[in-house]
Each structure stands twice: as C-alpha cells, then as structure tokens.
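> structure here, sequence nowhere to be found:
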C-alpha cells in the first residue's frame, strides 16, 4: 500500500507568516538556507505555541513562535526554550538541534526560534492507515516512551548550560503555589470540588527526589518514531522543561496517558482518544512499574504527582479558555475548553484516592 503519512497541514487562517519577510531573514541569517522559493506549512497538533515547517527545495527547518494574543507571564518563552535546547541537544540526541533565535517581532509578529527538522511518525488518535498494528507494537512503543524518559532523567544537568536557567531547590513548592495562583488569575467559572483539590495540593507536597532534567510535557504526540516504531527519532515541545523532581515528569506523562478502561470524560477530553487505548499499550500502572524498575526510583507518592498533573492540565485549559472567552483568540477549537477544565478537575479529585 502506498504510504501517505503527512505530519503538516495548510497554515490555519489567521496564523499565516509573512513569506517575503521570513525568506529575506533566512537568506541573511541562516547560511544553510539555499536560494529558491520558500514554502510554509504548519504542524497541526498542539494547542499552545505555533509550529511551522519551512521548505526551500530539499532544505527544511522548523519555526516556533508563541500563540497570537496576550499570553500568561513567563509562558511561551522562545528564548528560554532555544537556550535550553542549545545546552541539551548535544547530550540528549532525541532533542532537536536549534539553529537561531530572534526577538525581531517584525519578521513573524513575535520572538521565534528555528530548529532542525526531524523525520518520522507522530502518533495521536490513530496510526497511519498503511501501518498493520499489532499489540506487540503497542508494547514496544510503550517501552520506548519509558526508556526515553528514564534516559532524560539520567542526563547530568550540572555539566550543561542548563544550570544557568534553573532553580531546583524548592521546585515542587513553587510549582504548586504557582499553578494555584495561575488558576485564580484566569478563573472564569465556579467548578465544584476545586477548593478541596487546591487545599489537598497545598497541604500534601511530598519530599522531592534528587532533581533531574524534566521535559514536563512528556506525551506520545510530542514524540516522533521511526517507520518500524523501534526508535524515537525526536522529542519536541521543550517549552516547560526545567530541572526538578523527576516524579513530576512521570505524573505529567501519566496525566496524558489514556488507557482502555478510562471513562469517556478522560478518553475524549480533547476529541478522539489516544492510540494508547489500543490493546498492547501499557496501562498507567504498567508504565509506572516499568519506570520504577528501570530508574530505581521510589514511586510510592505517585498519586500526588498525578493529581497535580491533572490540575496543571485544568489550569492550562483554563488559560486557553480565558483567552477565548475574552476575545483574545477566536480559534473554534477552544470554545468548549471550559468542559475540559471541569473534566480535569474531576480526574484530579479521583486520582487522590487512586490505588
């Protein structure tokens, strides 16, 4: 069967780039960019930063910029993500190599950075139609996701420039306090149970484990796989990455990891359920056990981290919905994000009692 996998879409209306200005900038500042017609496509996944594929002949690169409209303080920091990747990519080959950063907002309307283009398959709600899926493939992909997370947490951040960007001490306390404050700042609706949830998070912060580099948005559709699904060829969206408690990273990963027996509120929170509901993929418990065995870490407090991760997702959805409700974005995908926020608060409350 002919393979037709494509990971880009036509640029969405309202998110276009000035092709002439960008082309001139590339020719002046990026020596690798050849002469010729510039083509621009967009990576359609994700609800935060905007990511574009740039192509001139056979040459390709990726451009990332913040979303349109006002953004939360310290969010969507292109310079920080660029600097983080500059230090990380030489010691963690799965991270893409960045090319340049620019704060000249006349080019694309905001600060932006460019990085190398990786090739492979990104999985979300379905496999490419030409893939003959088997449960063995699902377990293979699951193990790869665990392996890459363990590998990231083994990188010695003290020997990289990342040291200049982070403050590991007091990480979880700052996180809990900061995300609670964000929720209060962007609150729109009264949600049942949120007061109880916030109180639980503030009063039950565990003793943090030895800090490591954390991706902090580790999920299947931020990873790219080889055609045979035996390798991870890229890991993307390093905007939230820092140094902190590695179990916070596991919690975030598990908040995205949907399994077959989850209720529909979780499975369909953002539309179609993830491929991880298919036979063969790890359950969350299997993922956690595999991570514990391979990392040697104690995950007995994982319920707190999963609860906090669901709350974080609720806050991220709340920030997006706040922007939509206040007319700062008109993207119709965000019109029902208030339901997503309620769903994530519900899941957070349930995970407190998870066994």
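Nice, thanks for sending it over. Every value quoted in this text rests on a predicted model; they were computed, and no experiment measured them.

> show me the shaky parts of this structure.
Flagging of the chain using pLDDT under 70 yields the residue ranges 1-4, 46-47, 70-75, 270, 355.

> one more time with 50
1-2 (pLDDT under 50).

> C-terminal to the lengthiest helix in the chain, what's the next element?
Secondary structure of the chain per DSSP state H: the longest helix is helix 302-325. Per DSSP states H and E, helix 302-325 leads on to helix 337-352 as the next helix or strand towards the C-terminus.

> residue 233: what secondary structure?
Following DSSP: H, G, I helix; E, B strand; the rest coil, residue 233 is assigned to strand.

> tell me who's in contact with it.
Contact analysis of residue 233 by C-beta atoms under 8 Å, 6 or more residues apart in numbering lists 94, 118, 119, 120, 224, 225, 226. Quick note: C-beta positions are derived from backbone N, CA and C, even for glycine.

> in those residues, find the pair that's most separated.
Within the contacts of residue 233, 94 and 119 form the most distant pair, 13.5 Å apart (C-beta to C-beta).

> which residue, neighbours along the chain excluded, lies closest to residue 235?
residue 94 (4.5 Å; C-beta to C-beta, 6 or more residues apart in numbering).

> all strands for this protein, in order.
39-42, 50-56, 59-65, 98-102, 112-115, 212-214, 223-225, 232-235, 242-244 (DSSP state E).

> what's the burial count for the closest residue to residue 347 other than its chain neighbours?
Counting by C-beta to C-beta, 6+ apart, residue 347 lies nearest to residue 310, which is 4.6 Å off, once chain neighbours are set aside. Residue 310 has 25 neighbours, counted by other C-beta atoms under 10 Å.

> look up how far residue 150 lies from residue 310.
Separation of residue 310 from residue 150 (C-beta to C-beta, to the nearest Å) stands at 23 Å.

> swap in residue 277?
For residue 277, the distance to residue 150 - C-beta to C-beta - is 24 Å.

> circling back: can you redo the strands of the chain as a markdown table with distance to residue 182?
Shown next, in a markdown table, are the strands of the chain (distance: least, C-beta to C-beta, whole Å):
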| stretch | distance to residue 182 |
| --- | --- |
| strand 39-42 | 27 |
| strand 50-56 | 21 |
| strand 59-65 | 22 |
| strand 98-102 | 25 |
| strand 112-115 | 24 |
| strand 212-214 | 18 |
| strand 223-225 | 26 |
| strand 232-235 | 25 |
| strand 242-244 | 16 |
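
> count the residues that sit near the nearest residue to residue 83 once chain neighbours are set aside.
Leaving aside its sequence neighbours, residue 83 sits nearest to residue 165 (C-beta to C-beta, 6+ apart; 6.4 Å). As a burial measure, residue 165 scores 15 neighbours (other C-beta under 10 Å).

> which ones are touching residue 165?
By C-beta under 8 Å, 6+ apart, the contact set of residue 165 is 80, 83, 84, 242.

> can those go into a markdown table with extra columns for distance to residue 35 and neighbour count?
Formatted as a markdown table, the contacts of residue 165 follow (distance: C-beta to C-beta, whole Å; neighbours: other C-beta atoms under 10 Å):
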| residue | distance to residue 35 | neighbour count |
| --- | --- | --- |
| 80 | 32 | 18 |
| 83 | 30 | 18 |
| 84 | 32 | 24 |
| 242 | 40 | 22 |
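
> okay if I get these as JSON lines plus distance to residue 138?
Output for the contacts of residue 165, formatted as JSON lines (distance: C-beta to C-beta, whole Å):
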{"residue": "80", "distance to residue 138": "35"}
{"residue": "83", "distance to residue 138": "36"}
{"residue": "84", "distance to residue 138": "31"}
{"residue": "242", "distance to residue 138": "30"}
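
> cheers, nothing more for now.
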